[in-house]
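here's my sequence, what's the structure:
(chains A and B)
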Amino acid sequence: GAGVSQSPSNKVTEKGKDVELRCDPISGHTALYWYRQRLGQGLEFLIYFQGNSAPDKSGLPSDRFSAERTGESVSTLTIQRTQQEDSAVYLCASSLAGTARYNEQFFGPGTRLTVL
Amino acid sequence: DQQVKQNSPSLSVQEGRISILNCDYTNSMFDYFLWYKKYPAEGPTFLISISSIKDKNEDGRFTVFLNKSAKHLSLHIVPSQPGDSAVYFCAASSNAGGTSYGKLTFGQGTILTVHP
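You can find the predicted model right below:
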């Protein structure tokens, strides 16, 4: 079956513009996570969805970042008024259920965002 | 504050030899640890995990060792194969605050190169 997909794969934008990143999780996966990887660093947790609610938004770096999820399906991460420090690879992962910490997270290939 | 650290940015080994990747953590609330492998332009894929109630978990050529007193874990790959060449990430999760979902804290990654 299909894995986690993300679009676009690459996005170059100018400072101050808004961007929207999309994640399509594996069908039936109720838990969805967004992470960010800046150059030379590990993945940073951004936000967790269980269904379409987000019990943990603690990793969102500022109020310029927001995310939504439609049901147990597509999620979008929106960055408003992008800054150069937002340049990173944004990764989405999904797993079968958020109530079990030990369920494997399946990652998408990521969206590479470059803010000029 | 880097709670999970992989102090070796890279490791080079000969095919057939053992690869040992190291990871240190500072948060004593972490009780579940994972290793992920990442190829270029792909998302990380789960490799092996270990719960803090164990000190060793083995899966084929991959073994993870956990030393809780030293807050250290390592991944052993034996024998190493050229196809193992990838970036390896150590990750950890905790049950702090009743966190029942899979929020992961990642290390910076180690680039493993296995030479034929």
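
list the residues that contact residue B:37.
B:44, B:45, B:47, B:84, B:86, B:87, B:88, B:89 (C-beta atoms under 8 Å, 6 or more residues apart in numbering or on different chains). The way it works is simple: take the backbone N, C-alpha and C, and place the C-beta from them, glycine included.

partner residues bridging the last one?
It stands for residue B:89. Applying DSSP bridges to residue B:89 gives these bridge partners: residue B:36.

what does residue B:74 give?
Using DSSP bridges, the beta-bridge partners of residue B:74 come out as residue B:22, residue B:65.

I figured it hits residue B:24, correct?
No. Counting by C-beta atoms under 8 Å, residue B:24 is not a contact partner of residue B:74; they are 9.8 Å apart.

out of everything not next to it in sequence, what's closest to residue A:14?
Among residues not flanking residue A:14 along the chain, residue A:116 sits closest, at 5.5 Å (C-beta to C-beta, 6 or more residues apart in numbering or on different chains).

list the buried ones in the lowest-mean-pLDDT helix or strand in chain A?
Ranked by mean pLDDT, DSSP states H and E, the weakest helix or strand in chain A is strand A:53-56, scoring a mean of 86. Using 16 or more other C-beta atoms under 10 Å in any protein chain shown as the test for burial, strand A:53-56 gives A:54, A:56.

contacts only, for residue 111.
Assuming you mean chain A. A:6, A:7, A:8, A:9, A:10, A:11, A:21, A:89, A:90.

my question was about chain B
Residue B:111 is in contact with B:9, B:10, B:11, B:86, B:87, counting by C-beta under 8 Å, 6+ apart.

who is it paired with across the strands?
residue B:10, residue B:87.

and it, how close does it get to residue B:8?
9 Å (C-beta to C-beta, to the nearest Å).

check residue A:8 too.
33 Å.

with residue B:105 instead?
For residue B:105, the distance to residue B:8 - C-beta to C-beta - is 18 Å.

the two: who's more crowded?
residue B:105 (20 against 15; other C-beta atoms under 10 Å in any protein chain shown).

surely that one meets residue B:29?
No. In this structure residue B:105 lies outside contact range of residue B:29 using C-beta under 8 Å: 10.4 Å.

many thanks, have a good one.
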